[in-house]
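Colleague: give me coordinates for this.
(one chain, ligands or ions: 2)
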Amino acid sequence: MDAVVTVPGSKSLTNRYLVVAALAARDSRLRDPLRSRDTELMARAVGSLGVGVEDAEADWILRPGALRGGSEVDCGLAGTVMRFLPPVAALADGDVRFDGDPRARERPMADLLGALRSLGVEVEDEGRGTLPFTVRGRGGLRGGTVVLDASRSSQFVSALLLVGSRCSQGLTVRHEGGPLPSRPHVQMTVEVLRDVGAVVDDSVEGTWHVEPGELNGLDVQVEPDLSNAAPFLAAAAVTQGRVLVPGWPQSTTQAGDLLRDVLDQMGADVSLDRDGLLVQGTGELYGIDLDLREAGELTPVIAALAALSDSPSQLRGIGHLRGHETDRLAALATELNRLGGDVTETEDGLLVRPRPLHGAVFETYADHRMATAGALLGLRVPGVLVADVATTRKTLPDFPGMWRRMLTAEGDVPAAARA
Ligand SMILES: O=C(O)C1=C[C@@H](OP(=O)(O)O)[C@@H](O)[C@H](O)C1
Ligand SMILES: C=C(OP(=O)(O)O)C(=O)O
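Modeller: Ligands and ions are numbered 1, 2, ... in the order given. Here you go, the predicted model:
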């Protein structure tokens with residue numbers, strides 16, 4: 001395999017840009033945003049709140065206006081939509097109803113809804129603490145200080161910070177509880193806010209303060225989604241092939257950048273230069289002892305790599321994955337074991353002992369990253385049938401097409417990049 005794989009824009013950046021553009025005082029342009037289920041849902045939702053969203057070829061133009069209530073937001077299974085928009089809805093002038101896929105109704109929400117209530121927002125959830133619920137917008141937020149436990153999802157912190165500058169008194173958010181997962185994602189929120197002129201103080205660990213003030217518009221090129229690059233780069237590692245992902249940023253807040261280090265530690269050759277990130281499989285694949293709390297969304301691909309490696313792996317710090325698209329720890333253990341693997345769940349992660357694997361149906365539980373992990377396993381294990389591969393549309397519009405093109409590419413990586 002010798003392929004150049006162009007990965008579409010980052011889900012996490014696209015959905016943050018859509019939210020800050022909706023809250024800004026001027027128009028914005030998002031260049032090459034991700035267009036997938038999660039981001040289309042976000043665009044539709046901000047549109048239903050009164051923001052103009054226009055297509056300009058690959059770009060999105062956003063024209064913010066007064067935020068209005070009276071709408072219903074379909075969150076699908078998108079954590080970013082179900083977490084980032086309820087605080088925005090509190091700024092609208094009426095009720096906004098939120099619901100989503102059946103599994104979305106099980107994903108953690110209660111700590112964020114509690115935080116909103118402590119800020120004076122009325123939320124009607126009939127005591128469930130999950131979707132569906134209604135936020136009774138009153139046209140503004142006073143802000144102040146809010147303390148919450150964000151150990152189940154960093155998105156609770158990001159959600160509150162995103163509206164901080166629109167609070168008349170600004171907003172201080174303090175996390176108190178178990179360890180905060182996905183810290184790069186919170187840093188990404190802080191950086192995106194600073195990009196639009198917000199004043200954010202993050203100098204105290206676990207506390208963030210956003211000053212009140214107007215947000216500027218954006219004109220921004222969206223970085224490729226580094227977490228979505230994972231299955232393609234891992235494919236090079238397991239096939240002794242070569243995959244180049246162009247446009248890999250030299251510096252980024254995306255958690256997926258951790259892949260460079262992980263693939264290197266597991267034995268692949270990894271090099272980042274102006275052409276992009278190049279991964280070449282070496283024929284070696286080592287097990288790994290890894291804390292993935294900062295980049296939990298990489299777990300499915302790394303667990304699949306671990307199952308194909310030459311020694312046991314321990315993945316730690318990822319108990320919160322039980323609240324992701326599916327319970328990812330249970331799903332990975334069940335599906336890898338169905339192929340003949342030897343995977344056990346620990347309190348906060350997975351123990352993966354490599355075993356000879358055989359083909360079977362690999363169930364994906366509406367989880368895009370289970371599907372991409374299954375495709376990766378299929379490169380080495382004959383007869384792996386990935387169920388419902390279309391579920392990858394959550395964050396990749398055409399994963400099957402990209403995968404096929406990668407597998408049939410011949411000598412695509414430019415000689416200069418190989419040297
Ligand atoms: O803010 C974001 O864009 C995200 C934060 C993380 O969520 P959790 O902290 O809930 O894991 C990550 O896993 C998710 O894919 C995207
Ligand atoms: C956890 C994920 O998504 P969400 O934004 O829905 O939380 C993910 O993409 O791995």
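
Colleague: residues near the residue lying closest to residue 399 once chain neighbours are set aside, how many?
Modeller: Sequence neighbours aside, residue 392 is the residue nearest to residue 399 in space, at 3.7 Å (criterion: CB to CB, 6 or more residues apart in numbering). Where C-beta positions appear, they are placed from N, C-alpha and C, glycine not excepted. A total of 27 residues lie near residue 392 under the criterion other CB atoms under 10 Å.

Colleague: with residue 205 instead?
Modeller: Neighbours of residue 205 (other CB under 10 Å): 8.

Colleague: which pLDDT does the model give it?
Modeller: Residue 205 is assigned 97 on the pLDDT scale.

Colleague: relative to ligand 2, how far out is it?
Modeller: 23 Å (CB to the nearest ligand atom, to the nearest Å).

Colleague: just give me the neighbour total for whichever residue of the stretch 151-300 of the chain sits closest to ligand 2.
Modeller: In the stretch 151-300 of the chain, the residue that lies nearest ligand 2 is residue 297 (3.5 Å; CB to the nearest ligand atom). Residue 297 has 26 neighbours, counted by other CB under 10 Å.

Colleague: excluding residues flanking it in the chain, which one is nearest it?
Modeller: With CB to CB, 6+ apart, the residue lying closest to residue 297 is residue 227, at 4.9 Å.

Colleague: stretch 31-45: which residues count as buried?
Modeller: 31-39, 41-45 (16 or more other CB atoms under 10 Å).

Colleague: same check on stretch 240-255?
Modeller: 241, 242, 243, 244, 245, 246, 248, 252, 253, 254, 255.

Colleague: and that stretch, does that touch ligand 1?
Modeller: No. Using CB under 6 Å from any ligand atom, we find that stretch 240-255 stays clear of ligand 1, coming within 7.0 Å at best.

Colleague: in CSV, could you pull the C-alpha coordinates for that stretch?
Modeller: Presented in CSV, the C-alpha positions along stretch 240-255 are these (Å, rounded to 0.1, in the frame of the first residue of the first chain):
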residue,chain,number,x,y,z
GLN,A,240,4.2,-2.5,6.0
GLY,A,241,2.7,0.1,3.6
ARG,A,242,3.1,3.8,3.3
VAL,A,243,0.4,6.4,3.9
LEU,A,244,0.8,10.2,3.7
VAL,A,245,-1.8,12.6,5.1
PRO,A,246,-1.2,16.0,3.6
GLY,A,247,-1.9,19.2,5.5
TRP,A,248,-1.0,17.8,8.9
PRO,A,249,-0.5,20.9,11.1
GLN,A,250,2.9,21.7,12.5
SER,A,251,1.2,22.7,15.7
THR,A,252,-2.4,22.0,16.8
THR,A,253,-4.8,21.6,19.7
GLN,A,254,-6.3,18.5,18.1
ALA,A,255,-5.9,15.5,20.4
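
Colleague: surely residue 191 touches residue 254?
Modeller: No. Taking contacts as CB atoms under 8 Å, residue 191 lies outside contact range of residue 254: 10.5 Å.

Colleague: can you give me the helices in the stretch 201-350 of the chain?
Modeller: Taking DSSP state H, counting those that start in this stretch to define them, one finds helices in the stretch 201-350 of the chain at 230-239, 259-265, 299-307, 328-338.

Colleague: residue 85 should be in a helix, yeah?
Modeller: Yes. Under DSSP: H, G, I helix; E, B strand; the rest coil, residue 85 falls within a helix.

Colleague: contacts only, for it.
Modeller: By CB atoms under 8 Å, 6 or more residues apart in numbering, the contact list for residue 85 reads 19, 42, 45, 46, 49, 73, 75, 96, 98, 159.

Colleague: nearest residue to the last one other than its sequence neighbours?
Modeller: It refers to residue 159. Residue 159 sits nearest to residue 83 (CB to CB, 6+ apart), 4.4 Å away.

Colleague: any weak-confidence spans in the chain?
Modeller: Residue ranges of the chain with pLDDT under 70: 419.
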